Each structure stands twice: as C-alpha cells, then as structure tokens.
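Asks: I'd like to go over a predicted model; first the sequence, then the structure.
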Amino acid sequence: MRNGATWVRHGVASVAVSVSAVLVLAGCGGGDATGSSGRPVVVATTPILGDIVSSTLGDAAEVVVLMPRGVDPHAFEPSARQLGELRDASLVVANGLGLERGLQDALDAAAADGANVLELAPLLDPIVFADAHDHGHDEAEHDGAEHDDGDAHDDGDAHEHGDLDPHVWFDPSRMAVAVGLIADAFVDAAPDADGDAVLATAGAYAAELRALDAEVEETLAVVPDGQRILVTNHDTFGYMADRYGFEVLGVVIPGGDTLAAPSASALDALADEIARHGVRAVFTDEGVSSDLARALAGEVGGDVQVVALFTDTLGALDGPSGTYVDLIRTDARRIADALG
C-alpha cells in the first residue's frame, strides 16, 4: 500500500499516516455495494468532496454525493435511504471536524457497523480558528483540551475538536495531499480495483491541484500588503489566508458555521475595525442573504464593497463554481478584483 506521505507538499507533514491506520477508526469491515455499472460505490458527504473524489478515482468508482449542490453542509441531515448508502458503501469520504454536524451520528454509526469512513480534515494539518475561544461554538467546547500542531488527533473523534477549522479545501496544496489519502483508502477498501490506474489518475489530479495553488498565488499577488485583509460572512477563509499571506480581520457571523448569530455590539466593534484598517470589501457567501454584510458596510460608510464568494458548496455544473477548481479560481479572482 502506498503511504499518504508520498503526497505531502508545503510542509503538511501531519499526513504522514498510513491510510490503513486511519481506517482503524472505521473498523475492519466495510460495505461491498456496487453501482449499476458494477463498480465499487464511494459515498462523499459534500458536493466539494464529491467532485474531488470523482476527479481522484476517475472510472474506478461510482461516486454518490449525499448533499445536493447549494445546500449548507452545516445544516444538512440525511434521509433513511442515505443512511443505508453510508453503511453499504465500499468507502465513505467525509470532511470531519464538525462540518457535517447533522451527519456526524450517522457517520459514527456507519463506522461502528464496519464501514470504511475516511475523515480528511483531521489528517491535513488543521489550523485553529482565528479566535478559537470566542467563535461561538459553545456546543463544541471541550474543557480546555489542547491540540498540538501536526498531531493526527489520536482520539479519533474529530467532530469533538471544536476549535479546529474544518474548511481545509480553501488550501489547494492540502487538497493535493487529500487526493493521495483518498486514492490509498480506495485501493485498500476495493482490492479488486485496478490500483495502478487509480494511483495514476490521482497523481494527475494532484498535479492539477498543485498547479491551481500556484495560479491562485499569482492571482492574489496583485493585492498589496496593506490590503491583504479579509472580512468575511463566517469564519471560512482561514486556510486561504494562512496559505497566501492574508489576515482575517473579523467575521460577520461568529464561528465556522452559518447557524450562529452576531450581537449588535460585535457588529459595531467589527465596523470600527474595518474603518480603522481601511478595509475595502466585506465578503459574503454566494446564495446566502447578505443583509448583515450590507448593513455592516453601510455602518462603515465610504466605498466598502460587499462581494459574494463561493464557500461551502458547489453551484450549477456549468457555472463559476461548478467544480472545486472552478470555485477556488473564481474566489481568488473576486478577492483580487476587490482588494487589488
């Protein structure tokens, strides 16, 4: 079996964990479902992961995506049919770290029943939310638990790590590493598949994501140092900021999901910070109400734009966020246009 460390880039060293060890979380079993084509079925939780898994495995698997495009992953809950798909799949690929809150019990139950569940975010050197102790995830507090950088979180319970940011896909270099983990997990879970072909397809896609990383860096290079400041609708862009040298000054909605609500005093304080730093734009989520962001920009006054970005899901297949690569490329261009 090929070790996931083969795919490490940009110092994401914590993924030097064999996929066989990762899948201990899921038990020794796993479903043997095949699709109408006779190929092994792989279930991905989100449309973003579905696109990444499909691009990684190519024709070797039939990929089922649980969440429809345009659905907020923080709020999604599975149907009875989808619960069965989780249990019976050859491999389940999830984000983890609390992103799929409504799915977590189902993922845990599927793993307990022997399904092969691969939660990616805990394996990709996750970062802490910019304001880990005030980001509003009261349900995720865990009494002073500490996290070591680069640790693979050996308690195996990623959804309890409420201070860790699940939005890993905003760093394409991390997702290039994820491609290797997905490919290795699939080869382990579906031994009758053509492993060499899978790894070749995955290698080509990982190279595409590394090229995307370089492209995004070049796109964002037009933003001067004094304007490399992000104010966003919710705490989604920590990985992009960390990778490309931006600062997340603040968020409209506290925390890493879209289900919390800001206080008036917090919005007033953020408006003061925006004015003090001369921030040019507030970035909100495409397809989500931007009323709060617009009210915040109006409070600041001046020429503060409200710019929509694609965040937690994909849009129409033929649109600007039809694929994961499209989403990252579109967001980078919109940020560069707004701040450059």
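Replies: Yes, it's here.
Asks: For the rest of this, base every contact and every neighbour count on C-alpha atoms.
Replies: Noted.
Asks: who's in contact with the nearest residue to Ile229 once chain neighbours are set aside?
Replies: What sits nearest to Ile229 in space, not counting adjacent residues and going by CA to CA, 6 or more residues apart in numbering, is Glu247, at 4.8 Å. By CA atoms under 8 Å, 6 or more residues apart in numbering, Glu247 lies in contact with 228-230, 241.
Asks: For Glu247, grab phi and psi.
Replies: The phi and psi values for Glu247, taken as degrees, to the nearest 10, are phi -110, psi 130.
Asks: And for Val64?
Replies: Per degrees, to the nearest 10, the backbone of Val64 is at phi -110, psi 130.
Asks: Offset the numbering so it begins at 34, please.
Replies: With the count now opening at 34, the last piece we talked about shows up as Val97.
Asks: what about it, how many neighbours?
Replies: 22 (other CA atoms under 10 Å).
Asks: ok, it to Glu306 distance?
Replies: 44 Å (CA to CA, to the nearest Å).
Asks: Quick check, pLDDT for the residue nearest to Ile262.
Replies: Per-residue confidence (pLDDT) for Glu280: 96.
Asks: Same check on Gly169?
Replies: Model confidence at Gly169, given as pLDDT, is 37.
Asks: Now the residue of the chain positioned farthest from its centre, what are its backbone angles?
Replies: What lies farthest from the middle of the chain is Gly335; by CA atoms, centre = their mean that is 33.5 Å. Dihedral pair for Gly335: phi 70, psi -150, per degrees, to the nearest 10.
Asks: how about the helices in the stretch 184-333 of the chain?
Replies: 205-222, 228-253, 271-277, 297-310, 324-333 (DSSP state H, counting those that start in this stretch).
Asks: Name the residues of the third one that are buried.
Replies: Along helix 271-277, the positions that meet the burial threshold by neighbour count (16 or more other CA atoms under 10 Å) are 271-274, 276-277.
Asks: ditto for stretch 296-311
Replies: 300, 303-304, 306-308, 311.
Asks: Show which residues not belonging to it make contact with it.
Replies: 282-285, 329-330, 332-333.
Asks: which residues of the stretch 84-233 of the chain fall in strands?
Replies: 95-98, 124-127, 150-152 (DSSP state E, counting those that start in this stretch).
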